[in-house]
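Asks: curious how this folds, go ahead:
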Amino acid sequence: MKGLGALLLTGLTLTALFSFWSGAFQPAAGELAASTPSDYIFYDLNYVASNLKGLNGSNIATRGLVKYIASVYMYEDFWLQDQLNQSARIPVVVRFANLTRPRPDALIEIQGTIVFNSLEGGFHYLNASSLEEVKNVILIGWDGVQRNHLFELLNRGLLPNLQSLIDDGRIVNVTVSDHRTDTKSGWAQILTGYRWWRTGVFNNVYWFHSIPFGYPIP
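Replies: Predicted structure coming up:
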């Protein structure tokens, strides 16, 4: 009976330990599936990385580079790193939403909820609900070219390199009719989508303030 009691105690102890560890490495009730709110607020990744505690529970969207690096947490599926600031990065979990892990160094846009996990001293991570790899676009601007001359040279086959780019992509013939065009305000509008009263760039001579942070396309 003494041996049977010891065996039973050992069995109970192992069961308790297994229950503890399996529970510890399972998502909490709020993590079982990524949240599915209708609205996410976009934040720059630098801001997110610096304000994880303050954003706890927030539904956010951000973008960055996928990095598979060693971690003290051993919990995340990968890290999301800022394109310019390598020290700005956050741990990301995608498995709760059954998302496929993206390829290394891919630029992605991601949505999810900032969650706190109490393991290993406690840390915040992004519990992803969706992600999408960002496709890069090359935008070529030829400042000062006259449109009628450009199309004349293309039709005569005198711009083969440009024609090759057009064949692989597209050329868009846009007419601006509601204001006079110039270089600085034009490029500010192209790269932000906003007119001068938002960008502050009125024309080549006058601008009222720097373009607000976050307006230009990354």
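
Asks: the closest residue to His124 other than its chain neighbours: neighbouring residues, count only.
Replies: Using CB to CB, 6 or more residues apart in numbering and skipping residues adjacent in sequence, the residue nearest His124 is Leu52, 3.8 Å away. Heads up, the C-betas are built off the backbone N, CA and C, glycines and all. Neighbour count for Leu52, taken as other CB atoms under 10 Å: 18.

Asks: can you check Asn127 too?
Replies: A count of nearby residues for Asn127, using other CB under 10 Å, gives 24.

Asks: give the bridge partners for it, please.
Replies: Beta-bridge pairing of Asn127 under DSSP bridges involves Val93, Thr113.

Asks: could you dump stretch 134-146 to CSV, C-alpha only?
Replies: The C-alpha trace of stretch 134-146 is given here as CSV (Å, rounded to 0.1, in the frame of the first residue of the first chain):
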residue,chain,number,x,y,z
VAL,A,134,3.3,44.7,-49.0
LYS,A,135,4.1,44.8,-52.7
ASN,A,136,6.7,47.5,-53.6
VAL,A,137,6.0,50.0,-56.3
ILE,A,138,8.5,52.0,-58.3
LEU,A,139,7.2,55.5,-59.0
ILE,A,140,9.2,57.3,-61.7
GLY,A,141,8.8,61.0,-62.0
TRP,A,142,10.2,62.9,-65.0
ASP,A,143,10.0,66.5,-63.9
GLY,A,144,9.6,69.1,-66.7
VAL,A,145,8.9,66.7,-69.5
GLN,A,146,6.3,67.9,-72.0
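
Asks: next one: it to chain centre, how far?
Replies: The chain centroid and the centroid of stretch 134-146 are separated by 23 Å under CA atoms, centre = their mean, to the nearest Å.

Asks: show me the strands in the protein, by range?
Replies: Using DSSP state E, the strands of the chain run over 41-42, 59-67, 78-81, 89-93, 107-117, 123-133.

Asks: could I get these as TSV with distance to Arg180 and mean pLDDT?
Replies: Listed next are the strands of the chain as TSV, based on distance: least, CB to CB, whole Å; pLDDT from 0 to 100:
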stretch	distance to Arg180	mean pLDDT
strand 41-42	33	94
strand 59-67	35	95
strand 78-81	42	96
strand 89-93	44	95
strand 107-117	35	95
strand 123-133	38	95
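
Asks: how far away is the residue nearest to His124 from Glu132?
Replies: Distance, Leu52 to Glu132, by CB to CB, to the nearest Å: 22 Å.

Asks: repeat for Arg170
Replies: Taking CB to CB, one finds Arg170 at 22 Å from Glu132.

Asks: and what of Leu107?
Replies: 10 Å.

Asks: go on, Glu152?
Replies: From Glu152 to Glu132 the distance is 40 Å (CB to CB).

Asks: what's around the closest residue in space to Arg180 that isn't next to it in sequence, how many residues?
Replies: Using CB to CB, 6+ apart and skipping residues adjacent in sequence, the residue nearest Arg180 is Asn203, 8.0 Å away. Residues near Asn203, counting by other CB under 10 Å, number 15.
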